[in-house]
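[1] Need coordinates for the below:
(chains A and B)
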Protein chains: 2
Amino acid sequence: MAPSSERRTAQLEKHIAPQACASYANPVGQKPATVQAMQDERDRANFEVQKLTYVLEGGKKAADQKQKMMLELERDVTFRMYDIHDLTKDELRYRTMEKFHNILHHLSNESVAIFKQRLAIVSLIDPGFWTRFGVHFGLFFGALQGSATSGQFAYWASKGAVSLNGMIGCFAMTELGHGSNVAALETTATFDAAADQFIIHTPTITATKWWIGGAAHTATHAVVFAQLIVNGKKYGVKSFVVPLRDPKTYTLLPGINIGDIGKKMGRDGIDNGWITVTNVRIPRAYMLMKHTKVSRQGEVKEPPLQQLTYGALLQGRTAMVVDSGNVAKKALTIAIRYAAVRRQFSSSNSANGLETKLLDYPIHQRRLMPLLAQAFAMHFTGMEMQKMYDQMMERLDSASPGDADMEEVLEALKETHGTSAGLKAFCTWNCLNTIEQCRQACGGHGYSAYTGLAGMYNDFAVQCTWEGDNTILTLQSGRYLISCYREACAIRDNAKKSGKPGKKMAPGVGYLNHMDELLGAKCNGRPVHDLAVIAEAWDSVSTFFVKRAGEAVDECLRNGQDLDVALEECSQHRLYASKIHSFGYLTHRFIDGVNTAKSSPDSTPAIQNILLQLAQLYGLYTIEENAGAFLQCGYFSPSEMDQVRTNVTRLCKTVRDQAIPLVDAFAYSDYIINSPLGRADGNVYEHYYAQIKRANPPQEHPYFHKLIKPLLEREVLDNDDEEAGLEDEDEDEDEE
Amino acid sequence: MAPSSERRTAQLEKHIAPQACASYANPVGQKPATVQAMQDERDRANFEVQKLTYVLEGGKKAADQKQKMMLELERDVTFRMYDIHDLTKDELRYRTMEKFHNILHHLSNESVAIFKQRLAIVSLIDPGFWTRFGVHFGLFFGALQGSATSGQFAYWASKGAVSLNGMIGCFAMTELGHGSNVAALETTATFDAAADQFIIHTPTITATKWWIGGAAHTATHAVVFAQLIVNGKKYGVKSFVVPLRDPKTYTLLPGINIGDIGKKMGRDGIDNGWITVTNVRIPRAYMLMKHTKVSRQGEVKEPPLQQLTYGALLQGRTAMVVDSGNVAKKALTIAIRYAAVRRQFSSSNSANGLETKLLDYPIHQRRLMPLLAQAFAMHFTGMEMQKMYDQMMERLDSASPGDADMEEVLEALKETHGTSAGLKAFCTWNCLNTIEQCRQACGGHGYSAYTGLAGMYNDFAVQCTWEGDNTILTLQSGRYLISCYREACAIRDNAKKSGKPGKKMAPGVGYLNHMDELLGAKCNGRPVHDLAVIAEAWDSVSTFFVKRAGEAVDECLRNGQDLDVALEECSQHRLYASKIHSFGYLTHRFIDGVNTAKSSPDSTPAIQNILLQLAQLYGLYTIEENAGAFLQCGYFSPSEMDQVRTNVTRLCKTVRDQAIPLVDAFAYSDYIINSPLGRADGNVYEHYYAQIKRANPPQEHPYFHKLIKPLLEREVLDNDDEEAGLEDEDEDEDEE
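    You can find the predicted model right below:
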């Protein structure tokens, strides 16, 4: 600090400085009460916290790897997070760009699999950077991997597309007028055979490429989605590499115009922009031709199996399912740790004279414990979704049209497509809701930027609408379920006819193999908290509402509507069926997780027990939340539904006792949590106060002389001024 | 603009300017398609839009008054809103303070009632200013009105408390460690009889006054809530005027330390701060003594009826119920207008080749139409709540202990207290959810700051936790309902014994007068959309769950728990009963509104018809959402519940046809809406594009040379560098 600046600060402190809170410190040697409260919670642990971490992360090695990465990020000065809440949009973008250099160092020194784990951690602390880097690494580079021929891929790699030496890419798909309906994008790519070039063009205002991450300040090149037109014929949307800027000067190239999309709800570290392309010519070879090819002569060769091109698009959805679980865990760590040390209102049975911990209130347990159970359900579901995606991509990468197992590959693709659509929507909604519930559970302090949940909400909210709007994806999932239902009906009918068992439905919709039994199934007085009952209940109700949706569509078809119209008319049925199915899907993945944990080398009976209780809580809480569905299909009677409620309350109390050990097992460091309310040591007030003071140091009043002094000292109009010298005749008369 | 700056901008525009979208303009004389689409919607109106506005606002005069105020605000340059999304926190605070002068001009030139209407409009466009001004006008000045003797009031008025000549007040109630539990605040006010002074003191870190609006930069004085201690005896929390700053210099007074709370989720125009008070002496007369009095000799005289002091605290809650309806209307205007012009995906039955309007999708109708109906329900509920509060305050102001009708006054207070608690929570939750649903219904564009819904969410979110945390208020409401239930039981039992009809319960819980009939009531095949059926259904289910909550508490009492513990144990029952009751309460207020509209001079059969349909939609949609409750109590059978669903879908379609005329009837000007997506003319794309461009003008790249160029042109370590001259022996061997 320069001397003059030091002097000025000292002066300021003398006059208007808030004093440090030294005088409030605890007597020497005495822990703050909140620290003691947190310790008390940890003393209650009835399972081995670190071992649960190993169970969740797939072993000690993976868990240690994560800790190592967290430490590396924490020590990386470009990734400092303590001051992030006070950066303006422009500062945030600068800071975000600063991080590229260091993250690229890791990219070139570790495997892609390990690097992706690193990015998953980055997404927890800085979703804006994750997006900005992901625009190149996931979207642009992903498009090259998915749509370039091997020769094209090698060419762009040699230009720097891997290492960002010489180029940075962005992904120009959506337009002002088109998001979900990619097929109707307006940008054109017209083949000029004479020049062997494509002419890329933005024909209307609504065709402007919009929301393009990295466009405003970062990218040199874009993968542009445009309608391929050859000899006047339209061939649908294909992708083209379009250079945007001179990499030496960042001057926009002729015909390219780019503007900044500006301020957003969150993720301001990413520089979204709009792009218009005005009759820009690119070589024919800049069209990515792994699938559709355009020859020198203008012959268009389309791929035999269009579906095979879709696989890579599911990567983002899969990542969001995993991210939803992780972000929910972070939010819950904050709200639950705060609830374990925050006291409010004394209760008549408090022995020590202290007020009651929020976590000891039955209603607070009801607010947070089901969400904690849900975070575990999302954890196991994310693992399963990732596995399904990886396996599908492995098969897809090695598949080629005509392969003997092509039908199975397409089945796997269909399953991954339908499942990821439903889960992306369901889990991002769950997570957004979890963040907001956690924020509100922190009371007034949840509204402070520094306690972390407000920003988390704003950053996460976009996940409900990008890469497939959640409602549209849920409807897609509903459509998939209806088609599964029809298939299951056909299999059943064939099996009846032929007397031979038919093929089995994919595991996720495996309940449809037993639909007839499930439709009549009832709890019939068995204990409602039995996992077998819970699983059967969800299978039964899922069958009931998927069948309903299918029948509603059938009825529309019988009334002469075509399939598309029928599906639209029945969209509420589809949406509902998909939601019910998703609850059941997560319940099953949780139960699978409980079973798999039994064979984990790190597992113990105590761990299996708490996981079992969490799975029961998740299953019963979601049944309670969907009571109408269960009473309607008749699986539970009204009095059994009362037992469900009683059990939820009971399990909330049980899980509450282990709540701190459970969030400790998520193993996020204080750096990752980045909230004084969520500090591991429980010392929330001192750290909150300190953070507020550091972020808002004393300063000269910014506008007292300009705005406040004139206000306080203004002259208020008095009666003399009102008259302003006018002799009012009426008044004169009155005065006479 | 200075010449040099002009030159620079011109240069910039030459080199990197995005071109204006003139080239995209529609051919001369042709309307943009979205404008035509909006006109088409208006042509569908089957009722007189302006007359519905009059019905809603209570006549032409009141409606015109509102339009006049909107215009005045729109023309007031300090209230300009187009650039608000890009202001930093510090700029926003400056801008917010700028508005004080002009708003005070209105305060001194119109009645308080009219001025409050003006503030209600201000809260729609600038909630941050509304809060900052409200801290003085509502909280500080309100505390003087409610707690100062008439002499004290006159004294502070003479110091400038009304006109802000010489002083600005803030309201220092909450502390770092205490929000909801006001009784446990730690700040002390110890009477020093010798000096005839109080010593105000912050004893601990958690006693720091926290979240105090206006403290950081605005206020000269605070009303401080502190524990009154006289002669070593504690008398509970009372309020004291404490001077904070020298009004001439804004230097903090000795013993006062204030810091800035800094960045929040929203409402950054208000300068929340923290305050510590270290042994600060104030004259005895600075204690506000309308209720509790401390004499020169240190005698403490407490008020005979403590409850009478609570009335004013309900003002904020009442305002929030009204605000919830208004903000929901604003959010819905944006989402519904956008849905009426946004097209996505073509449908097979689209005749004109255009894609389908979002509003024509059954699922989009399902997303927005029930929320539109709910906004009407909140509108009528807000009017009723305001009336109840005004009437109660009128009685309270004129009441004094010993009055003959004191019991009735206390009844009215109890009713207003219980009702406002439940409705504040229910309506702010509804509104926050409406904003988020509207934001998501705008797809990706809902994430842009400029489309307005993101900021609306962030500004509104605080209403769920301040002035009574929503969960705690809902539990209070549940407690009120249980006490009403007991009272109703007693009245019924007495009536049976005496043979004479007992007194009636307050209208809001009037269903409890008929609880025995209601508990067995069933729909029994009557049309589910009949308002009488809907009303009875809600009465029946409310009785069912209020009774359950009461019985659950009784059971705990029988088991030997004391009342407080029993109430905590049954908090989930209380919460649920209160929610169900609130749905029913809104349904009744809506039905009342439909009936009252019949006698409005501005009403017509067409208006009565659309209001009827909206009320049916609200009633049935909320029944559908709470299907579990209705199936559990047995009012509807499963097949009747299916009819409810079918009717909701049908009514969504019906209301969709009038959706634009209905939001037009809310009569918010484009200035108030402040979102290009919600423009009245439907010209969304051009205005959205123009706003993005205006807010983000072309500029020199902010960090290309510093961050990007070095990244793109860095040397990547090659193999030579890796070896760094070391002759590796193993490698040598291999080479041999």
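[2] Quick check: which ranges of the stretch 451-600 of chain A have low pLDDT?
    Judged against pLDDT under 70, the stretch 451-600 of chain A has no low-scoring part.
[3] For it, which residue gets nearest to chain B?
    A:Ala454 (3.5 Å; CB to the nearest CB). Yep, even glycine has a C-beta here, placed from its N, CA and C like the rest.
[4] Quickly note the distance from the one residue in the stretch 101-250 of chain A that gets nearest to chain B to A:Leu557.
    Using CB to the nearest CB, the closest approach of the stretch 101-250 of chain A to chain B is made by A:Ile205 at 3.7 Å. Distance, A:Ile205 to A:Leu557, by CB to CB, to the nearest Å: 39 Å.
[5] which one of those two has more residues nearby?
    A:Ile205 (21 against 14; other CB atoms under 10 Å in any protein chain shown).
[6] Quick one, grab the pLDDT at that one.
    Model confidence at A:Ile205, given as pLDDT, is 96.
[7] I'd say it and B:Asn683 touch.
    No. Assessed by CB atoms under 8 Å, A:Ile205 is found out of contact with B:Asn683, at 10.7 Å.
[8] can you map out the helices along the stretch 101-250 of chain A?
    A:112-125, A:127-134, A:141-147, A:150-156 (DSSP state H, counting those that start in this stretch).
[9] try the stretch 401-550 of chain A
    Counting by DSSP H, counting those that start in this stretch, the helices of the stretch 401-550 of chain A are A:406-441, A:453-460, A:470-498, A:515-520, A:531-558.
[10] Out of those, which is the most enclosed?
    helix A:453-460 (a mean of 25; mean count of other CB atoms under 10 Å in any protein chain shown).
[11] Distance from that helix to the middle of the chain?
    Put simply, helix A:453-460 sits 10 Å off its chain's centre (CA atoms, centre = their mean, to the nearest Å).
[12] again with stretch A:439-451
    20 Å.
[13] Could you report the neighbour count for A:His101?
    Other residues close to A:His101 by other CB under 10 Å number 14.
[14] just A:Met287 next, same as before
    Other residues close to A:Met287 by other CB under 10 Å number 23.
[15] Could you list the domains of chain A?
    Per the record, chain A has its domains at A:167-303, A:313-665, by automatic domain parsing.
[16] Let's have those domains in TSV, adding distance to B:Asp592.
    Putting the domains of chain A into TSV (distance: least, CB to CB, whole Å) gives the following:
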stretch	distance to B:Asp592
domain A:167-303	38
domain A:313-665	28
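[17] For A:Phe47, list the residues it contacts.
    By CB atoms under 8 Å, 6 or more residues apart in numbering or on different chains, A:Phe47 lies in contact with A:604, A:606-607, A:609-610, A:658, A:661.
[18] hmm, try it at 10 Å
    A:55, A:603-611, A:658, A:661-662, A:665 (CB atoms under 10 Å, 6 or more residues apart in numbering or on different chains).
[19] And what about it, helix, strand or coil?
    The three-state label given to A:Phe47 by DSSP: H, G, I helix; E, B strand; the rest coil is coil.
[20] Let me know the pLDDT of it.
    pLDDT, A:Phe47: 98.
[21] any idea how far A:Ala339 is from it?
    On the measure of CB to CB, A:Phe47 and A:Ala339 end up 20 Å apart.
[22] repeat for A:Thr465
    31 Å.
[23] now do A:Leu711
    Distance from A:Leu711 to A:Ala339, by CB to CB: 43 Å.
[24] Neighbour count for the two, which is higher?
    A:Ala339 (27 against 16).
[25] sorry, back to before: quick one: which of the contacts of A:Phe47 is nearest chain B?
    A:Gln658 (20.3 Å).
[26] Determine the number of other residues adjacent to the residue lying closest to that closest one once chain neighbours are set aside.
    Excluding the flanking residues, the one nearest A:Gln658 by CB to CB, 6 or more residues apart in numbering or on different chains is A:Ile610, at 5.6 Å. Counted with other CB under 10 Å, residues neighbouring A:Ile610 total 23.
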